[in-house]
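Trainee: A structural model of the following input is requested.
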Amino acid sequence: MVNLKLGIAALLLELGAWSGPLLMGGSTDSALASYLLVHALACVMLSLFLFPLLSTRQARPRLAIVLLMMVCSYAVPVAGFLGVLAAALVLRLYRKPATHTEFESLQMPEFDQHQRRQGHFRHAGLRSFLGNIHAPIQSRLRAMVALQYVSGRTASPLLRTVLSDPSEDLRLLAYGMLDTLEKRVNSSIDAEMGTLRAAQEEGGTAGQRTLESAQRLSDLYWELIYQDLVQGDLRKHAIQESLRYCEWVLAEQSDNAQLCLRRGRLLHEQKRPDEAAQAYAQARELGLPATRVLPYQAELCFDRKDFAQAHALMQELGQWSALPRLRPVVDYWSRR
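Mentor: Sure, this is the predicted structure:
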């Protein structure tokens, strides 16, 4: 921003530089010294006054430009002072207009009406295709649009791999899709928090409505974890909150097998293996099907390096034929 006070001060100092020697006799050494000193101050003031008139591109490097204006106005009395002033005004008035725009528009990818039914991309193929930086951008954009019809558990890890992609368009689209998924769950959490407070005021901490609301909150926080929508400290917070509401409900409904299983998985996430093992065992005792619990029990044994027990559990799991996705793992452990 231009400071008019600096410009007026520069003009007055320059006039004073010329009037000083006249008052002091004009030919003495002190008269010359006073002129040079006051003239130098006037040049400094002039440079500081004119510098804001320059554009950002013209004013770089800043220190060098200021020094150049000071030297030019100081070295040539009167003419240099006026020349620097005129040059700055000319650069200000006849500045070249910008030829580029600050933002570029992005055309939305074309919607494929048959994409949902035909499913051009399998999960594994979609991961490799999105990671292929040599593939056409438009094709990769269409592949990302196809993720709208994939479960959040599958889509979230795929979208996170795109966040480091060289293409800015893909990164922005992936970030927007992840943000939409997370905001959708968080808005449900905020709404359910209000329901929980109202239920507590009506029926206390053990009322039926309160317990139902607490279970829904545990479900929603678990959804953030299950869909891999939160990372780092946010993930730890979601685990803690889901476990807190889960244990709140179990304190009044200890026969809830589904929540016992979830409690085991949350404790497993918190690296509390002994408590997780007890929760898994309780879920089985409460009648939860073995196919729902055995994979997590085997995973826990593997993490604890109890490979003999993990092998026994996988062999027990091999008796069940309703687990096609786990079949390769079961076959591997059965051969050992």
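Trainee: who are the contact partners of residue 328?
Mentor: By Cβ atoms under 8 Å, 6 or more residues apart in numbering, no residues touch residue 328. From N, CA and C alone the C-beta is placed, and that goes for glycine too.
Trainee: state the distance from it to residue 230.
Mentor: Applying Cβ to Cβ, to the nearest Å, the value for residue 328 to residue 230 is 29 Å.
Trainee: residue 285 now?
Mentor: Note on residue 285: its distance to residue 230, by Cβ to Cβ, is 32 Å.
Trainee: neighbour count: these two, which is higher?
Mentor: Neighbours were counted for residue 285 and for residue 230 using other Cβ atoms under 10 Å; residue 230 has more, 19 against 11.
Trainee: pretty sure that one contacts residue 223?
Mentor: No. Using Cβ atoms under 8 Å, residue 230 makes no contact with residue 223, being 10.2 Å away.
Trainee: buried set for the strand or helix carrying residue 266?
Mentor: Residue 266 belongs to helix 257-269 when assigned by DSSP states H and E. By neighbour count with 16 or more other Cβ atoms under 10 Å, helix 257-269 contains the buried residues 257, 259-269.
Trainee: and that helix, what does it pack onto?
Mentor: For helix 257-269, the packing partners by 3 or more Cβ pairs under 8 Å, 6 or more residues apart in numbering; DSSP states H and E come out as helix 208-226, helix 232-252, helix 273-285, helix 290-303.
Trainee: where do the strands sit along the stretch 101-250 of the chain?
Mentor: With DSSP state E, counting those that start in this stretch as the definition, the stretch 101-250 of the chain shows no strands.
Trainee: any chance you could list what contacts stretch 274-287?
Mentor: With Cβ under 8 Å, 6+ apart as the test, stretch 274-287 has contacts from 255-258, 260-261, 263-265, 267-268, 290, 292-293, 296-297, 300.
Trainee: now that stretch: mean pLDDT?
Mentor: Averaged across stretch 274-287, pLDDT comes to 93.
Trainee: same thing with stretch 66-83?
Mentor: Mean pLDDT, computed over stretch 66-83, is 78.
Trainee: would you mark the buried spots in the one helix or strand residue 327 maps to?
Mentor: Using DSSP H and E, residue 327 maps to helix 327-334. Neighbour counts over helix 327-334 (16+ other Cβ under 10 Å) mark 329-330, 333 as buried.
Trainee: any chance of a markdown table for the residues you listed, columns pLDDT and distance to residue 206?
Mentor: Shown next, in a markdown table, are the buried residues of helix 327-334 (pLDDT from 0 to 100; distance: Cβ to Cβ, whole Å):
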| residue | pLDDT | distance to residue 206 |
| --- | --- | --- |
| 329 | 80 | 41 |
| 330 | 79 | 42 |
| 333 | 76 | 44 |
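Trainee: which of the residues you listed sits closest to residue 43?
Mentor: residue 329 (80.5 Å; Cβ to Cβ).
Trainee: show me the shaky parts of the protein.
Mentor: Across the chain, the ranges flagged by pLDDT under 70 are 1-3, 18, 20-29, 31, 55-59, 94-128, 131, 320-324, 336.
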